[in-house]
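A.B. asks: show me the folded form of this:
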Amino acid sequence: MIDGLLAQLFGEALFGRYTPSRRAQLLARLFFGLVGAGLGIAGAAFMTLRPDGASPPMRVALALLFLSIGAFWLLNVGLARRWRWPGVLVAASLIALIAARFIFGP
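C.D. replies: All right, here's what the predicted structure looks like:
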């Protein structure tokens, strides 16, 4: 039963007769946007709560990097917006990360 359904689904997808609906595209985009945002928040929490490793400015820069990546996934991928500021935040947090490494050391 399930193997026939999967064979039909993948067969239609491979031969071009399968057209995904707008609802399926919206759900897939929203799913991956939420997964990316969740991973960004989890990465930021992990970097801030980690007791060993980098200096505090380096941890803050890493947390900002993860939060900006999460914002990018949520807003640009999940909500399908063409906003530039999440990308600018990613670039700014990468610059802050490099600056924190050079100024404050590991």
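
A.B. asks: okay, which residue is most central for the chain?
C.D. replies: Geometric centre of the chain, nearest residue: residue 36, 3.0 Å, by C-alpha atoms, centre = their mean.

A.B. asks: grab the nearest non-local neighbour of that one.
C.D. replies: Once flanking residues are discounted, residue 36 sits nearest to residue 73: 2.6 Å by C-beta to C-beta, 6 or more residues apart in numbering. To be clear about C-beta, it is placed using only N, CA and C from the backbone, and glycine gets the same treatment.

A.B. asks: same deal with residue 76?
C.D. replies: Nearest to residue 76 is residue 86, by C-beta to C-beta, 6+ apart, at 5.8 Å.

A.B. asks: quick one: low-confidence parts of the chain?
C.D. replies: 1-20, 106 (pLDDT under 70).

A.B. asks: for the longest helix along it, packing partners?
C.D. replies: Ranked by number of residues, the top helix in the chain under DSSP state H is helix 22-49. With contacts taken as 3 or more C-beta pairs under 8 Å, 6 or more residues apart in numbering; DSSP states H and E, helix 22-49 sits against helix 56-72.

A.B. asks: pull out the buried residues from the helix it packs on.
C.D. replies: 57-72 (16 or more other C-beta atoms under 10 Å).

A.B. asks: residue 43: which of those residues is nearest?
C.D. replies: The nearest member of the buried residues of helix 56-72 to residue 43, counting by C-beta to C-beta, is residue 66 at 3.6 Å.

A.B. asks: residues in contact with the closest one?
C.D. replies: Residue 66 makes contacts with 40, 41, 43, 44, 47, as judged by C-beta atoms under 8 Å, 6 or more residues apart in numbering.

A.B. asks: isn't the last one right up against residue 63?
C.D. replies: It refers to residue 47. Yes: taking contacts as C-beta atoms under 8 Å, residue 47 lies within contact range of residue 63: 4.9 Å.

A.B. asks: rewinding a little: tell me the contacts of the residue nearest to residue 76?
C.D. replies: 68, 71, 72, 75, 76.
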